[in-house]
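Chemist: Pasted the sequence and its predicted model underneath.
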Amino acid sequence: MNFKIILGLFAILVLSSSADTKEYKNHLEKDGLKGKVKSVEEISYKVRKEGDEVIKIERKSEYANRTDSFISFNEAGNYTEIKFYNPDQSFIGKYEYTYDDAQNNTRIKWINKDGNVEQEHHFKYDRRGNRTEYKVYYTKDGGPVFFTEFYKYDKKDNLLEVSRTYKEGRKASVEKTYQYNKQGDKTEFIDHANKEESRRYEYSYHSKGVKRKETVYDSKGKKKSETNYDPDGRILSIYSYSDFPLKRETNTIYDYITIVGKKRLLRTSLYEKVEDRRMTIRSMTGYVNDDKGNWKAKTTYIKGKARYRIERTIKYY
C-alpha cells in the first residue's frame, strides 16, 4: 500500500484528537461507538445478494485507499494501537499510542511491516491539558525533526493560533487561526498554510455544541463546500464545487430510515454537474446493529444491488 495513504490516514487520526478540537472526550466518542469497547476489527468485502442472503465474493473495499483495520482501545476509551491490513490479509503497519496519567496523548509511533519505527509524533501539554507543542520525527530516538507546531489559547482554553516551523530554532509562522462565539463554539477557522491555497471554515450551530452548518471558502472567498447537519449530528447534505481541471458541482442528500429493530437504512442521492453534463447517482447503505447500538455490518447497494460490505467484530470490556 502507498505510504502516502497511510500518512493521510495518520493526519486524520492526529487531527481527530488534536488541540484544535475539544468536541470529543475520547476516541470512542469521536468514532461514534457506544459502551466500553475494547477493540474493533473491520474487514471489507465485495458481495452479491442471492435472495435474502448477502454472499461474500472476495476481500475488497469499495474505495481504493481503504484498508482493513484492527483498533484497540484502553479503558478510558482512547486508541492504544491501530493495525492496517491489505485485502490479501498481509500486514501493512501500525500506530502505537502512549498517554500520560491524565490520558493526554504524548506519543504516536508509526511502525512498518518489518517492525521498524519510521515516524514518531511527540506532544506536550500544559497543566490544564491543552496541547502546547507537537513534533514529528522521521526516525526512532529523535531523528531529524520534520516540523514543530506551537499552540496558543485564550483564558477560556479556546485554541486561538497554531504556528509551525520546519527547522529547529527558526521562527514559527502562523498556520491556523480560530474564532469562537460567546458559548465557546468555534465559529471560524482559517488555514494559512499556503496563501494561494488557504481555506476559511465558518460554523453555525443549532444550540451550544450542536453543529448546524460548516461552510468552506477558498482564498478568493468562493464557496468550495457546505455541509448541513440535523440536531442529532447526522449529515443532511453536502455541497462541493471545484473549477480545476473542470468545473464540477456536486450536491449529496442523505435520508435516514429505521427499518425495524437493529436495522437502519441510509439513502444517498448524488447530483453532479460537470461543465454542462448532469448526472444523478442514487445508492443505499444498510446497517445492522449489535445490542449496544454499534453497527456490525454495513452493506452498500448501487442501483438496487448489493455491491460492498464492511463487517465489524466488536469486543467489550
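Modeler: Everything's here; your move.
Chemist: Now do the phi/psi pair for the spatially most distant residue from the centre of the chain.
Modeler: Distance from the centre of the chain peaks at Gly51, with 35.1 Å (CA atoms, centre = their mean). With angles defined as degrees, to the nearest 10, Gly51 sits at phi 70, psi -130.
Chemist: buried residues in the helix or strand encompassing Thr132?
Modeler: Here Thr132 sits within strand 131-137, counting by DSSP states H and E. Using 16 or more other CB atoms under 10 Å as the test for burial, strand 131-137 gives 131, 134-137. (Each C-beta comes from the backbone N, C-alpha and C, glycine too.)
Chemist: Of those residues, which is the nearest to Asp101?
Modeler: Among those, Arg131 lies closest to Asp101 (CB to CB), at 15.9 Å.
Chemist: Can you name the residues bridging to the closest one?
Modeler: For Arg131, the beta-bridge assignment (DSSP bridges) gives partners Tyr125.
Chemist: Please name the residues that touch the closest residue to Arg267 other than its chain neighbours.
Modeler: Nearest residue to Arg267, sequence neighbours excluded (CB to CB, 6 or more residues apart in numbering): Asp255, at 4.1 Å. When contacts are counted by CB atoms under 8 Å, 6 or more residues apart in numbering, Asp255 is found next to 266-269.
Chemist: what secondary structure does Asp255 sit in?
Modeler: strand (DSSP: H, G, I helix; E, B strand; the rest coil).
Chemist: how close does it sit to Asp232?
Modeler: In this view, Asp255 and Asp232 are 14 Å apart by CB to CB, to the nearest Å.
Chemist: Show me what the strand holding Thr132 is packed against.
Modeler: strand 117-125, strand 145-153 (3 or more CB pairs under 8 Å, 6 or more residues apart in numbering; DSSP states H and E).
Chemist: roughly how far out does that strand sit from the chain middle?
Modeler: Offset of strand 131-137 from its chain centre (CA atoms, centre = their mean, to the nearest Å): 20 Å.
Chemist: Pull the residues that contact that strand.
Modeler: Contacts with strand 131-137, where a contact means CB under 8 Å, 6+ apart, come from 18-19, 104, 119-126, 143-151.
Chemist: repeat that with 6 Å
Modeler: Residues outside strand 131-137 that contact it (CB atoms under 6 Å, 6 or more residues apart in numbering): 19, 120-126, 143, 145-151.
Chemist: Next, the angle from that strand to strand 145-153.
Modeler: Interaxial angle, strand 131-137 versus strand 145-153 (axes from the mean of the first three to the mean of the last three CA atoms, to 10 degrees): 170 degrees.
Chemist: Could you give the average pLDDT over strand 131-137?
Modeler: Mean pLDDT, computed over strand 131-137, is 92.
Chemist: try stretch 166-177
Modeler: Average pLDDT, stretch 166-177: 81.
Chemist: Can you give me the first-to-last residue distance of it?
Modeler: The stretch stretch 166-177 measures 19 Å between its terminal residues, going by CA to CA, to the nearest Å.
Chemist: what comes up buried for stretch 192-211?
Modeler: 192, 198-203, 205, 211.
Chemist: got a markdown table for these, with distance to Met279 too?
Modeler: Shown next, in a markdown table, are the buried residues of stretch 192-211 (distance: CB to CB, whole Å):
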| residue | distance to Met279 |
| --- | --- |
| His192 | 36 |
| Ser198 | 31 |
| Arg199 | 27 |
| Arg200 | 29 |
| Tyr201 | 28 |
| Glu202 | 29 |
| Tyr203 | 30 |
| Tyr205 | 33 |
| Lys211 | 29 |
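Chemist: closest to His27 among those residues?
Modeler: When these are ranked by distance to His27 (CB to CB), Lys211 comes first, at 19.1 Å.
Chemist: Am I right that the closest one is in contact with Asp230?
Modeler: No: with contact defined as CB atoms under 6 Å, Lys211 does not count as touching Asp230 (10.0 Å).
Chemist: which one of the contacts of Asp255 is nearest Ser69?
Modeler: Ranked by distance to Ser69 (CB to CB), the contacts of Asp255 are led by Leu266 at 21.4 Å.
Chemist: By pLDDT, give me the weakest of the contacts of strand 131-137.
Modeler: For these, the weakest pLDDT value sits at Ala19, with 43.
Chemist: Of the buried residues of stretch 192-211, which is the nearest to Arg59?
Modeler: Ranked by distance to Arg59 (CB to CB), the buried residues of stretch 192-211 are led by Lys211 at 35.3 Å.
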